[in-house]
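Peer 1: Just to be clear, the model below is a prediction. Sequence and coordinates:
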Amino acid sequence: MTPTTTPPADPRAFLRALFDAAVARAQPAQVLAPYLPAPPRGRTVVVGAGKAAAAMAAAVDALWPADAPLSGLVVTRYGHVPAGQPAPGARIAVAEAAHPVPDAAGAQAAARIAALVQGLGPDDLVLALISGGGSALLAQPAPGITLADKQAINQALLRSGATIAEMNCVRKHLSALKGGRLARLAAPARVAALVISDVPGDDPAVIASGPTVPDASTCADALAICARYQLALPAAALAGLQSGAFETPKPGDPQFAGHTVALIATPQQSLEAAAALARAQGVAAHILSDAIEGESREVAKVHAALALQVAQRGQPFARPCVLLSGGETTVTLGPGAARGRGGRASEFLLACALQLQGAPGIHGLAADTDGIDGVEDNAGALIGPDTLARAQARGLSAAQLLAQHDAYGFFAALDDLVVTGPTHTNVNDFRALYVA
């Protein structure tokens with residue numbers, strides 16, 4: 001693309017193009033090849049879980065030598081299998097299950113995956129394809145814990161406002177496969193994990209609750225998190241954590257010797273791809289962070305304040321510019337809280353619009369790179385200087401809908417939703433504020 005010094009004429013199209021560039025940078029078919037290990041002397045068994053699992057499996061199948069043994073199973077979220085996949089003759093099966101609360105299909109897929117990795121030898125390879133969403137999709141509870149227990153715990157965690165690292169600390173200690181246990185089942189086979197990060201800090205032990213890597217967190221940590229957020233645990237879960245029976249394998253465990261982990265796509269790389277596109281269009285781009293956490297509406301206030309400082313004072317950046325950030329914010333739903341429709345990206349934008357109060361020249365987009373904001377059919381939404389005025393003209397109260405966590409209803413009424421469908425990847429939140 002030829003650089004230009006003319007700012008974009010259509011801010012909405014500009015912001016959408018940045019989001020599309022971020023998503024494209026994380027597509028498995030584009031990024032996986034350099035990280036694919038060589039075929040072993042024995043068999044190669046592919047397993048995996050996450051929103052990108054089906055696309056990752058298709059990329060592996062296409063790249064793997066036709067004469068090298070390859071089989072396996074991955075599990076992804078319902079509706080997250082790319083069209084035409086698995087292709088006829090595909091060597092890796094794909095199962096679909098529920099996210100973010102696990103279901104029986106996820107439990108069945110997890111049991112099949114556990115069976116596939118057992119009985120392998122030292123000449124065999126387990127190729128693990130791991131991406132965000134795997135915590136819910138790889139649903140095999142620890143001994144004594146039922147699927148209903150896991151569902152209740154997941155729902156409580158999702159409402160609590162806990163960070164993704166905190167949620168996954170609890171999840172992995174109550175799992176038969178996460179927290180390194182899948183790799184332990186595969187011994188003595190070598191495990192190579194290819195990972196798409198959807199968590200702040202890109203820690204493989206947190207991404208999908210780290211099924212193939214050792215875990216430094218403890219049962220005591222999980223108990224402390226449950227106490228912090230006042231989460232009630234079923235008797236079997238509480239007993240297993242208190243006794244240490246649910247402890248995960250730790251760093252230094254010899255069972256992980258020779259195993260490898262490769263991060264094939266990260267939030268930072270996607271933000272850099274968006275920044276490069278912005279600069280090519282004559283707009284300075286500033287990446288604030290790829291690891292922002294916190295309550296969505298509070299994070300929005302900080303982003304809006306920074307955008308206003310740029311617009312009104314030219315600090316700390318000159319106009320025109322775009323402010324980019326990633327990470328994973330949270331939406332806390334307290335007991336009895338009103339629950340509308342909307343995820344953390346849409347809630348961020350609604351709070352941002354309220355903070356900006358129609359300030360001229362500021363436009364924003366926030367979306368989840370997996371294409372699904374929470375549990376709705378949109379990836380996110382867009383705002384501009386006229387957002388609140390158009391809402392008022394339609395009789396919409398932005399403040400009331402924010403209090404009800406109904407950002408989806410707000411933006412749907414304005415036709416400002418960003419709808420992509422599942423993107424078949426997941427590098428978490430994408431936020432862009434353009435100051436013209």
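Peer 2: Structure's in. What do you need? Numbering: from 1, shown residues only.
Peer 1: tell me the domain boundaries of the chain?
Peer 2: Listed domain ranges for the chain are 11-24+267-435, 28-265 (source: automatic domain parsing).
Peer 1: Contacts for stretch 181-188, please.
Peer 2: Applying Cβ atoms under 8 Å, 6 or more residues apart in numbering, the external contacts of stretch 181-188 come out as 47, 113-114, 117-118, 120-122, 126, 128, 138, 175, 177, 191, 211-213, 248-249, 255-256, 259. Any C-beta I mention is one placed from the backbone N, CA and C, and that applies to glycine too.
Peer 1: Of these, keep whichever come out buried.
Peer 2: With burial judged by 16 or more other Cβ atoms under 10 Å, the buried subset of those is 47, 113-114, 117, 120, 126, 128, 138, 175, 177, 191, 211-213, 248-249, 255-256, 259.
Peer 1: biggest strand in the protein, by residue count?
Peer 2: Longest strand in the chain by number of residues, with DSSP state E as the criterion: strand 284-295.
Peer 1: How about that one, which residues are buried there?
Peer 2: Within strand 284-295, judged by 16+ other Cβ under 10 Å, the buried ones are Ala285, His286, Ile287, Leu288, Asp290, Ala291, Ile292, Glu293, Glu295.
Peer 1: Report the rounded mean pLDDT for stretch 104-120.
Peer 2: Averaging pLDDT along stretch 104-120 yields 97.
Peer 1: ok, now stretch 130-137?
Peer 2: Per-residue scores along stretch 130-137 average to 96.
Peer 1: Now do the end-to-end distance for it.
Peer 2: End-to-end span of stretch 130-137 (Cα to Cα, to the nearest Å): 11 Å.
Peer 1: Repeat that for stretch 403-411.
Peer 2: 15 Å.
Peer 1: What of stretch 421-431?
Peer 2: 18 Å.
Peer 1: For that stretch, buried residues please.
Peer 2: Neighbour-count burial for stretch 421-431 [16+ other Cβ under 10 Å]: Pro422, Thr423, His424, Thr425, Asn426, Val427, Asn428, Asp429, Phe430, Arg431.
Peer 1: before we move on, the earlier item: quick one: strands adjacent to the longest strand of the chain?
Peer 2: Sheet pairing of strand 284-295 (DSSP bridges) gives strand 321-330 (parallel).
Peer 1: how far is the partner strand from where the chain is centred?
Peer 2: Centroid displacement of strand 321-330 relative to its chain, using Cα atoms, centre = their mean, to the nearest Å, is 14 Å.
Peer 1: now the angle between strand 321-330 and the next helix or strand after that strand, please.
Peer 2: Note on strand 321-330: by DSSP states H and E, the next helix or strand toward the C-terminus is helix 344-356. Counting by axes from the mean of the first three to the mean of the last three Cα atoms, to 10 degrees, helix 344-356 points 120 degrees away from the direction of strand 321-330.
Peer 1: residue contacts, Pro11?
Peer 2: His363, Gly384, Tyr434, Ala436.
Peer 1: Same question for Phe317.
Peer 2: Counted by Cβ under 8 Å, 6+ apart, Phe317 has contacts Ala284, His286, Val310, Leu323, Val435.
Peer 1: that older thread, farthest pair in the buried residues of stretch 421-431?
Peer 2: Within the buried residues of stretch 421-431, His424 and Arg431 form the most distant pair, 21.1 Å apart (Cβ to Cβ).
Peer 1: hang on, Ala87 packs against Ala57?
Peer 2: No - judged on Cβ atoms under 8 Å, Ala87 makes no contact with Ala57 at a distance of 10.5 Å.
Peer 1: Check for me that Val23 belongs to a helix.
Peer 2: Yes - assigned with DSSP: H, G, I helix; E, B strand; the rest coil, Val23 falls within a helix.
Peer 1: right, and it touches Gln269 too?
Peer 2: No - Val23 is beyond contact range of Gln269, at 11.6 Å (criterion: Cβ under 8 Å).
Peer 1: These two: which has the busier surroundings?
Peer 2: Ranked by neighbour count (other Cβ atoms under 10 Å), Val23 and Gln269 place Val23 first, with 24 against 17.
Peer 1: List the buried residues for the least confident helix or strand in the chain by mean pLDDT?
Peer 2: Within the chain, no helix or strand scores below helix 147-160, which has a mean of 93 by mean pLDDT, DSSP states H and E. In terms of neighbour count (16+ other Cβ under 10 Å), helix 147-160 has its buried residues at Asp149, Lys150, Gln151, Ala152, Ile153, Asn154, Ala156, Leu157, Leu158, Arg159, Ser160.
Peer 1: Between those residues, which sits nearest Ser397?
Peer 2: The closest of the buried residues of helix 147-160 to Ser397 turns out to be Arg159 (Cβ to Cβ; 24.0 Å).
Peer 1: Was I right to think that closest one contacts Thr332?
Peer 2: Yes - between Arg159 and Thr332 there is a contact under Cβ under 8 Å: 7.3 Å.
Peer 1: Return every residue with contacts to both of these two.
Peer 2: Common neighbours of Arg159 and Thr332 (Cβ under 8 Å, 6+ apart) do not exist.
Peer 1: hmm, back to that, and Ala87 and Ala57? which has more neighbours close in?
Peer 2: More crowded of Ala87 and Ala57, by other Cβ under 10 Å: Ala57, with 28 against 11.
Peer 1: can you pull the contacts of Leu120?
Peer 2: By Cβ under 8 Å, 6+ apart, Leu120 lies in contact with Gly42, Arg43, Val45, Val126, Ala186, Pro188, Ala189.
Peer 1: Please read off the pLDDT at the first one from the model.
Peer 2: Gly42 is assigned a pLDDT of 97 by the prediction.
Peer 1: Could you tell me how many residues sit around it?
Peer 2: 15.
Peer 1: Would you map the helices across the stretch 51-200 of the chain?
Peer 2: Under the criterion DSSP state H, counting those that start in this stretch, the stretch 51-200 of the chain contains helices at 53-63, 104-117, 134-137, 147-160, 164-173, 181-186.
Peer 1: Present the ones you listed as JSON lines; the columns should include distance to Asp198.
Peer 2: JSON lines is the format used below for these (distance: least, Cβ to Cβ, whole Å):
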{"stretch": "helix 53-63", "distance to Asp198": "12"}
{"stretch": "helix 104-117", "distance to Asp198": "18"}
{"stretch": "helix 134-137", "distance to Asp198": "9"}
{"stretch": "helix 147-160", "distance to Asp198": "15"}
{"stretch": "helix 164-173", "distance to Asp198": "8"}
{"stretch": "helix 181-186", "distance to Asp198": "18"}
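Peer 1: right, and those - which one's nearest Val299?
Peer 2: helix 164-173 (14.3 Å).
Peer 1: what mean pLDDT does the closest one have?
Peer 2: 96.
Peer 1: Leu417 contacts Ile383, correct?
Peer 2: No - contact criterion Cβ under 8 Å: Leu417 and Ile383 do not qualify, at 11.5 Å.
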